[in-house]
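S.K.: Have a look at this fold, sequence not included:
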């Protein structure tokens, strides 16, 4: 790795870090009891929405009411999206005349977008109308992101409050997140992306003549607006099939940098928001540090692995001086492809600007493993941090026992109920990944999608289910997932991974809100110390490793050893 | 709890023997199902047993000897865990046995009315009900728990406390409760029975000691959930390996898929069997250690709560200071020789048998070489202390020597026609301010000076409080002294805070205040007036010598009636949690090495390149898998002493404790199995398993 490589990575990390405090503090004000920022302009809009929805903004909810509102809202969104996909042929903004989507595929797409996964078993430009993209998918891109952030806000309140059953109002959190955070940021990013040449129109596809004189059809559409939220909301669903590797979706190094920053912008800032909300910003920084402790080594390892030559291409007359360039765009190169690959899987974003399938075996293992950690290293907006907090509960429990005290986090006792809920949240993603992948390897339907022979085939299946079972959505291209079995198991995996983490998190919020606050003393385990930060990231990595090492040994590790042995 | 059980060795032969027998009895699935981790091992062992019988015809999935060996060690794993639990219980059972002897049914004299002279009839002790009145005379066993309503007697309570010195029990006051099974040594008592048949203190104690009444403590429940969750993850990780392995064999076009036996072996190695197998032993051993310290926990919850305590309310007398004040200096009045004062003070104290009086005699002897004199030969008359005069003294050869509190002596001197000097008043104030108690000595109208009595703070107690402070535990001294004296002693002893002129009401208020701040409060008490505060405290230790009311309000009972016990209680509570946490970490850390042993062994037939992961250089796949399983079983046995004794606890900050335990049990847990599995593998290979 050259100095320039380090400089690029360092610059990216610094810009991200610089945004944490301002954006984090801004978001904390949005979730506070007082008036949110820019109330003078957004307040009236907010109140119109509440009036239209019959919402009393001041009325707070217990965790069960909150969870019910969330499920009702997501359920309604699910039905609306499902039927708009099924009835696509009858709906407007369909210049290419695409027909309705078949049931199992529509079910998978719907589950995917409602759960903020954005796993795509379709190619956008060959399957979906503009109506489906804009009214169907983009709306879910916003509200699924807002749902995740709302749950985090509720959990933070649960930790901060004492002696109450109330953890906030779901409708208010949802509305404010969308209105005050996601929409303004998306608008800014959209304009910036359009300036770089990302398309944004409702035109029909345009015929063009290639340099060689051939004819091709250039896809068009309202791409920039969807791409902005796909990155900011850690959705990741591309407008076009090849996602951000497509020149009309991600044309320049500048658009690439902006999109990459957008991937981690909100997940990192929310750490600071959390610190503010619980009244101790050190706690937020500690969580951010624990995430960075896993993230940065992963970035360095992947960039290093991809900078080397691809051994399977060694016999071909190819200059590999630029590293393993198969599946990577020349305008991004190895560093920006690997950095994106790690960022998009650390966050549960899932957009890609290169084909992870073509990474070296171990280079492809890193993104896969980051997903298998449960999408808690930054993770999805809101969901990553509340997922991480489930690991925090695990960690303080274990650490608390080791110092001889009933464990506590931020002054709240961690007892059997919290451990039970955190166990469900930590257990569900690996369970659905392993089961989903096992079903795929054991059924003809699942096996039919496998492209490569040998251990790489298992990697493809494992990657697909790691992605769906952790709400990431990125694909190890190569695995054809559009079969009835994979669509159904995948959809179930996505739904389970989303709600069996979010609901336990809300239950914990409700339980902690009721508890009294214990004062911290020298006997209290500090959760912002360097030791605890290392311990927490250690627990995250160990839990992930213990669950997946056997499977990884038969996939990427075996592939690496086979390839290296040749 | 007789003194003999106190000396019970960790591995007593009788206990080992009966624990070995119990280990088999505990194979009952109804027992196993309570422990999710070991239940999974049992299910796996059952499965491989069937595979073993299936393989006897040579058509099994693996050679019969291999399946047989794995099966055998899986059953050993369960037996070892059962053995650990039986060991922990065995120690309690031995103690229960001696308690049972004390409980045997005796005859009792049931009185018609609560008077010594009333008629009585003989009934069996197990027929007595609450409210019955019984008479107990010399050499009789007290038939039931009760409250003394009439009489004074010395009682031998060694059956319960292990303490051979007799104790006094009398009606009224704080020494009125008696325990069934103890024996009256002299005089008689009329007792009102306070327990129903089968619910006596002794019954309760036997149940606690045997572990029959043991319920999982809150943290134990939470840990069981965590372990169950880990077990499910590993179950899924291993079960799904079968299709993955089938896929891989097909993809590689070589090798054989993983056998069910190997999968079960891998599963058992990965799930936290070490902590799962030792978990209940740790809990029982914690209760047992409390008993070794002569503290009877009324519930496991109380032991665990003791580890969480962050405020300790400690009685000054007996806990912080030696029971009695001691004379430390003579301060003469102006114009009086200090030797004259010492002489008068000694004379006045010669017949004073109180510890304070003795200490004055000793001080005079030590400081001025004044020998003790026989009061009879001097022809002196002793004037004992009375509550009315609040002084004591001696009349000798026409001299009237008196010592007492400042105002009592002032009155005495004025009555004798003298005046009380201003300088004495100043000395008195000075001594009070320094935490001492002033005793003024006068001879007739002449005030001679002041004796300084001081509370003597126990040696080493200051350091102990310092340790507690570092561990985040606040110490509060409770005393009836005035605030000046209390402040001085508090400063000397190094407590964090004090409550002076303590009354039951302000004690209760203090506990509530700390609890409102979210703190957990522990206290000791013995009197009936302590009962409300004991009931309010989170951890309440009642002295066994205390009243029935105090004992009922408490959740721990100190059989030695030693107030310093609170510190011991906290230590045992913390140890119990730390042991669980440490072994969980150790158990999980072990999995790293087990992966390195089993994964190459299981999959190298499909991908020979995976042998690169065989970093330990294990002989062959069979020996590698077997070595991992054997290590997994043996480590349970190796850690039984840790589970029973508990991990050593030194008070320290949470951060330091975590660092130390992570180093020992985390890193140690990673390293130990690499070494252990390698050694076992070498032995297996040397034994011809190749």
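M.R.: Yep, it's here. These numbers were taken from a predicted model, which means no experiment stands behind them.

S.K.: Distance of residue B:165 relative to residue B:155?
M.R.: To residue B:155, residue B:165 is 11 Å away according to Cβ to Cβ, to the nearest Å. (C-beta placed from N, C-alpha, C; glycine too.)

S.K.: These two: which has the busier surroundings?
M.R.: residue B:155 (22 against 9; other Cβ atoms under 10 Å in any protein chain shown).

S.K.: How about the contacts made by the more buried one?
M.R.: Shown in contact with residue B:155 (Cβ atoms under 8 Å, 6 or more residues apart in numbering or on different chains): B:142, B:166, B:167, B:168, B:169, B:178, B:182, B:183, B:184, B:185, B:189.

S.K.: before we move on, what SS does it have?
M.R.: The three-state label given to residue B:155 by DSSP: H, G, I helix; E, B strand; the rest coil is strand.

S.K.: what about the one residue in the stretch 301-450 of chain B that gets nearest to chain A, how many neighbours?
M.R.: Chain A sits closest to residue B:308 of the stretch 301-450 of chain B, with a gap of 4.8 Å, by Cβ to the nearest Cβ. By the measure other Cβ under 10 Å, the count of residues near residue B:308 is 26.

S.K.: Which residues are in contact with it?
M.R.: A:405, A:406, B:520, B:538, B:573.

S.K.: Go again with 7 Å.
M.R.: Residue B:308 makes contact with A:405, A:406, B:520, according to Cβ atoms under 7 Å, 6 or more residues apart in numbering or on different chains.

S.K.: Mark which of those residues are part of helices, please.
M.R.: Per DSSP state H, helices hold no members of the contacts of residue B:308.

S.K.: Flag every buried residue along stretch A:415-431.
M.R.: A:415-431 (16 or more other Cβ atoms under 10 Å in any protein chain shown).

S.K.: oh sorry, the question was meant for stretch B:494-511
M.R.: So for stretch B:494-511, counting by 16+ other Cβ under 10 Å, buried means B:494, B:495, B:498, B:499, B:500, B:502, B:507, B:508, B:510, B:511.

S.K.: How many residues are close by the closest residue to residue B:586 other than its chain neighbours?
M.R.: Of all residues not flanking residue B:586 in the chain, residue B:669 sits nearest, at 3.8 Å (Cβ to Cβ, 6 or more residues apart in numbering or on different chains). By other Cβ under 10 Å, 24 other residues sit near residue B:669.

S.K.: Contacts only, for residue B:669.
M.R.: Contacts of residue B:669 (Cβ under 7 Å, 6+ apart): B:585, B:586, B:589, B:590.

S.K.: so how far is chain A from residue B:282?
M.R.: Separation of residue B:282 from chain A (Cβ to the nearest Cβ, to the nearest Å): 11 Å.

S.K.: and that residue, how many residues sit next to it?
M.R.: 28.

S.K.: Correct me if wrong, but residue B:439 is in a strand.
M.R.: Yes. The assignment for residue B:439 by three-state DSSP puts it in a strand.

S.K.: Checking the closest residue to it other than its chain neighbours next. Helix, strand or coil?
M.R.: Once flanking residues are discounted, residue B:439 sits nearest to residue B:451: 4.4 Å by Cβ to Cβ, 6+ apart. Of the three states, residue B:451 takes strand under three-state DSSP.

S.K.: so residue B:451 makes contact with residue B:441?
M.R.: Yes. Here residue B:451 reaches residue B:441: they are 6.3 Å apart, a contact under Cβ atoms under 7 Å.
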